[in-house]
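Trainee: Let me see the structure of the following:
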Amino acid sequence: MSDWDLPLLLVVATVALYDFTNGFHDAADMVATAIASHAMRPVVAILLVGIFTFIAPFTVGLAVADTVGTFVEIEGAPRLLGEAVVVAALLAAVSYNLATWVLGLPSSSSNSLAGGLVGAGLYVVGPAHINLGWQALHEGSLQGLAKVVAGLVFSPFLGFLVGFLLMKLILHGFRRFNRRVAPLFTGSQYASVAFLGFSHGANDAQKGMAIIGMMLLASGHTTRFSIPDWAVVLCASAITLGTLFGGWSIIRTLGFGLFRIRTTHAVANQLSAALVNTLATHIGAPTSTTQVVTAALLGNGAAERPRHVRWRTAARIVAAWWANIPVSLLLGMGYSYLYLLLRSAP
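Mentor: Below is the predicted model of the structure:
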């Protein structure tokens, strides 16, 4: 590591910050229902999610990192331009994460990063260097930006659908839910929270790895996109540390702001979100754990008592989702301009 320069060191440090903010954003989403249902103590829920978030990146492949790290093509681009794309995208994602955390809104770290990459890529290297994936889509396969969009845009809809259907199944199967079966649902949350934490670490931690791989390529330290082992350790550690801190303002919004959550809702929510994340990771598509968990929770509530869901609060959360990509895109462009201006200054 003796030949590392300042831009590379700054990017690695900022990736750690990005994964940390990702962790406390998504930790809040993952444990909110377990805490709101009073089935688990907050400290226990956070620790369980943190442990399985850390384990996951070492036991799954790097398909998601390959997707995120290659849909903006910087291989062969001048070093300054490649660095500008990576740095600007990363700063855009961290900025949006911190802003929504302050507001107590669940937002998507993945959407922020994708939007930042597209904005920076358009400004710095142009649309010709963005792999849109249309040709592959016509041939029946998902690649490039099309796979990113498919994972990030469609996963909330799938989360809502799976959450709705799974909640209906639980309501039908346990129509006479009483105290005798209550321990079953309370105990099963340890498994469902662990599963959700594992699915989160398997998908989300790979995005920071992708940025490091892109920066190593842009700065000439590698000749092709690849993920070194130390990057896997760094990203897994940073996202786990963020998970252990948790975003308590987001927990209040999600766990107590949509409807009165009981143990059955919590189990259905955790299983639904984990299943969607796992499916996306299997095909190499990035997802937003925040959006999947929130959409699944809305599906859970709609399946039982739609009138009890606070749809105005839900609309406020969804509005932040729609703003995510365009705002991040503009931030990516803006940070690209500033980076090139500062690096080109005498």
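Trainee: immediately after the lowest-mean-pLDDT helix or strand in the chain, which helix or strand?
Mentor: One helix or strand of the chain scores below all others by mean pLDDT, DSSP states H and E: helix 248-256, with a mean of 56. Downstream of helix 248-256, the first helix or strand assigned by DSSP states H and E is helix 263-283.
Trainee: what does the average pLDDT come to for the helix or strand hosting Ala205?
Mentor: Assigned by DSSP H and E, Ala205 falls within helix 182-218. Here helix 182-218 scores 84 as its mean pLDDT.
Trainee: In it, which residues are buried?
Mentor: Neighbour counts using 16 or more other Cβ atoms under 10 Å place 185-186, 188-189, 192-218 of helix 182-218 among the buried residues. In short, each C-beta sits where N, CA and C put it, glycine included.
Trainee: Same check on stretch 157-166?
Mentor: Going by 16+ other Cβ under 10 Å, stretch 157-166 has these buried residues: Leu158, Gly159, Phe160, Val162, Gly163, Phe164, Leu166.
Trainee: and of the residues you listed, the nearest to Thr21?
Mentor: Gly159 (21.6 Å; Cβ to Cβ).
Trainee: Can you name the residues that contact the most centrally placed residue in the chain?
Mentor: Closest residue to the average C-alpha location of the chain: Ser288 at 3.6 Å, with Cα atoms, centre = their mean. By Cβ atoms under 8 Å, 6 or more residues apart in numbering, the contact list for Ser288 reads Ser108, Ser109, Ser110, Asn111, Leu152, Ser155, Pro156.
Trainee: among these, which are in helices?
Mentor: Ser109, Ser110, Asn111, Leu152, Ser155, Pro156 (DSSP state H).
Trainee: Any chance of these in CSV with neighbour count, pLDDT and distance to Arg305 as columns?
Mentor: Formatted as CSV, those follow (neighbours: other Cβ atoms under 10 Å; pLDDT from 0 to 100; distance: Cβ to Cβ, whole Å):
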residue, neighbour count, pLDDT, distance to Arg305
Ser109, 29, 75, 31
Ser110, 27, 78, 31
Asn111, 26, 81, 30
Leu152, 25, 78, 29
Ser155, 27, 87, 25
Pro156, 24, 87, 21
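Trainee: Closest one to Ala323 out of those residues, please.
Mentor: Using Cβ to Cβ, the ones in helices among the contacts of Ser288 come closest to Ala323 at Asn111, 9.8 Å.
Trainee: For the spatially closest residue to the closest one that is not a sequence neighbour, give me its contacts.
Mentor: Among residues not flanking Asn111 along the chain, Asn324 sits closest, at 4.3 Å (Cβ to Cβ, 6 or more residues apart in numbering). By Cβ under 8 Å, 6+ apart, the residues touching Asn324 are Tyr96, Ser107, Ser108, Asn111, Ser112, Gly115.
Trainee: For the fourth one, give its distance to Gln143.
Mentor: From Asn111 across to Gln143, the span is 19 Å (Cβ to Cβ, to the nearest Å).
Trainee: and the least confident of the contacts of Asn324?
Mentor: Lowest confidence among the contacts of Asn324: Ser107, with 67.
Trainee: Tell me the first helix or strand C-terminal of the helix or strand hosting Ala45.
Mentor: Element membership of Ala45, judged by DSSP H and E, is helix 42-55. Helices and strands here follow DSSP H and E; after helix 42-55, the next one along the chain is helix 63-70.
Trainee: tell me the mean pLDDT over that next one?
Mentor: Rounded mean pLDDT across helix 63-70 is 84.
Trainee: next one: the next helix or strand after it to chain centre, how far?
Mentor: Using DSSP H and E, the next helix or strand after helix 63-70 towards the C-terminus is helix 79-103. Counting by Cα atoms, centre = their mean, to the nearest Å, helix 79-103 is centred 15 Å from the centre of its parent chain.
Trainee: now do stretch 310-317
Mentor: 20 Å.
Trainee: May I see the buried residues of that stretch?
Mentor: Applying 16+ other Cβ under 10 Å to stretch 310-317 flags Ala314, Ile317 as buried.
Trainee: could you give the mean pLDDT of it?
Mentor: Rounded mean pLDDT across stretch 310-317 is 79.
Trainee: do stretch 73-89 as well
Mentor: pLDDT averaged over stretch 73-89 gives 88.
Trainee: Just confirm Ile170 contacts Asn269, I think it does.
Mentor: No - in this structure, Ile170 is not within contact of Asn269 by Cβ atoms under 8 Å, at 10.8 Å.
Trainee: More neighbours: the two, which one.
Mentor: Asn269 (35 against 20; other Cβ atoms under 10 Å).
Trainee: wait, what's in contact with that one?
Mentor: Thr33, Gly163, Val293, Ala296, Leu297, Asn300.
Trainee: what's the helix or strand for the first one?
Mentor: Taking DSSP H and E as the definition, Thr33 sits inside helix 6-36.
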